[in-house]
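1. Following is a predicted model, sequence given first.
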Amino acid sequence: MATYSCYKGKTVLVTGASSGIGATAAEYFAAQGAKVALGGRNEERLNQIADRCRKAGAEKVFIAVCDVSTRQACLDMAAKVLNDFNGVLDVLVNNAGVFGVGNTAQLTEEEVNRVLDVNLKAAMWITQACVEALAKSSLKAIVNVSSSASKMASSDSITYFVSKAALDKFTQCAAMDLISKGIRVNAVNPAGVETPLFSTVGLDVNKIKAFCEKDYPMGRMGTTEDIAAAILFLASDQAQFIMGQTIVLCGGKTVGSRTITRQN
Ligand SMILES: NC(=O)c1ccc[n+]([C@@H]2O[C@H](COP(=O)([O-])OP(=O)(O)OC[C@H]3O[C@@H](n4cnc5c(N)ncnc54)[C@H](OP(=O)(O)O)[C@@H]3O)[C@@H](O)[C@H]2O)c1
């Protein structure tokens with residue numbers, strides 16, 4: 001893990017911190033001596049991650065139990081976190097997300113709303129709620145956790161791919177808007193990372209892992225550490241000239257396929 005002195009004593013909100021990428025990112029910020037607020041619905045898992053963050057070196061840990069599916073819930077959660085941080089937020093990581101499966105014929109209003117509410121709208125509402133506090137801070141950084149899905153297309157996970165493409169566009173538009181307040185907005189766009197994300201919709205992560213090992217040029221799935229490292233870099237004082245970018249972390253997946261060669 002890289003060391004960043006800029007995070008010592010700074011305040012960081014990570015949504016979706018009860019699991020996967022968000023949990024590791026929170027632990028990485030904690031290890032730099034930050035004060036971290038952990039968002040998520042599962043209080044038990046949030047408490048476990050909070051312990052990990054304290055052990056890693058967090059100056060303070062705040063748990064924000066919240067379902068971010070509605071605007072009001074997002075605003076209330078942000079208000080509680082900001083109250084605990086005395087109105088100053090240095091870094092916001094909009095990471096909460098859900099996977100979705102289904103082709104055009106299978107689209108339902110309920111499923112489209114479920115995915116867009118969390119993957120797109122929650123990032124919009126929480127950003128809106130945190131702008132004033134971020135503008136008062138020293139780091140002034142937002143990192144959205146998008147996906148390499150935003151750069152591609154799928155016949156069977158339509159709503160998920162659409163949600164991440166829209167999140168990329170929100171990242172760029174918010175970056176253009178908020179740079180007037182000194183706030184840098186960027187996104188990381190991972191390809192397959194081994195987390196519980198897929199099993200929540202009944203997919204077998206081992207099958208996805210085997211596919212990635214065969215197909216990705218780097219021959220492996222991403223790790224939560226790969227993604228957390230990029231989040232910390234983008235939010236840090238080492239990335240001060242980077243705004244509005246959607247940075248693909250994909251082990252080469254969007255560059256080419258290992259399985260399409262004369263040998264295969
Ligand atoms: N894993 C991958 O291959 C991959 C690839 C590209 C992008 N991503 C993105 O990375 C982000 C994190 O995913 P992950 O892979 O780490 O999956 P994960 O382990 O399933 O984590 C998802 C997180 O989002 C939270 N969340 C989901 N719905 C929520 C809701 N309604 N309200 C509040 N929190 C909610 C979950 O918390 P609770 O369960 O406690 O509610 C959990 O902490 C997502 O945005 C995902 O799209 C993942």
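-> That came through fine.

2. so where do the strands sit in the protein?
-> For the chain, the strands defined by DSSP state E cover 11-14, 35-40, 60-65, 91-94, 141-145, 184-190, 246-249.

3. was I right about residue 230 contacting residue 188?
-> Yes: contact criterion C-beta atoms under 8 Å: residue 230 and residue 188 qualify, at 4.9 Å. C-beta here means a position set from N, CA and C on the backbone, and glycine is covered the same way.

4. So for these two, which residues contact both of them?
-> Both residue 230 and residue 188 are in contact with 247, 249, where contact means C-beta atoms under 8 Å, 6 or more residues apart in numbering.

5. Look at these two and report which has more neighbours.
-> residue 188 (28 against 22; other C-beta atoms under 10 Å).

6. Next one: that one from residue 252, what distance?
-> The gap separating residue 188 from residue 252 is 16 Å, by C-beta to C-beta, to the nearest Å.

7. same check, this time on residue 39
-> Applying C-beta to C-beta, the value for residue 39 to residue 252 is 31 Å.

8. Between those two, which is the more surrounded one?
-> Shown here are residue 39 and residue 252; by other C-beta under 10 Å, residue 39 has more neighbours (30 against 15).

9. Give me the nearest residue to the more buried one, chain neighbours excluded.
-> Spatial nearest neighbour of residue 39, excluding adjacent residues (C-beta to C-beta, 6 or more residues apart in numbering): residue 15 at 3.9 Å.

10. which parts of stretch 71-84 are buried?
-> Residues of stretch 71-84 classed as buried: 71, 73, 74, 77, 78, 80, 81, 82, 84 (neighbour count, 16 or more other C-beta atoms under 10 Å).

11. now stretch 225-232
-> Across stretch 225-232, burial judged by 16+ other C-beta under 10 Å covers 226, 227, 228, 229, 230, 231, 232.

12. show me the residues around the first one that make contact.
-> To tie it back to what came earlier, the one meant is residue 226. For residue 226, the contacting residues are 190, 193, 249, by C-beta under 8 Å, 6+ apart.

13. Compute the number of surrounding residues for the last one.
-> A count of nearby residues for residue 249, using other C-beta under 10 Å, gives 19.

14. Any idea how many residues pack against the residue nearest to it when sequence neighbours are not counted?
-> Among residues not flanking residue 249 along the chain, residue 190 sits closest, at 4.8 Å (C-beta to C-beta, 6+ apart). For residue 190, the count of nearby residues is 25 (other C-beta under 10 Å).

15. Model confidence score at residue 190, please.
-> Listed pLDDT for residue 190 reads 98.

16. That one: what's it in contact with?
-> Residue 190 is in contact with 21, 145, 147, 148, 222, 226, 227, 249, 250, counting by C-beta under 8 Å, 6+ apart.
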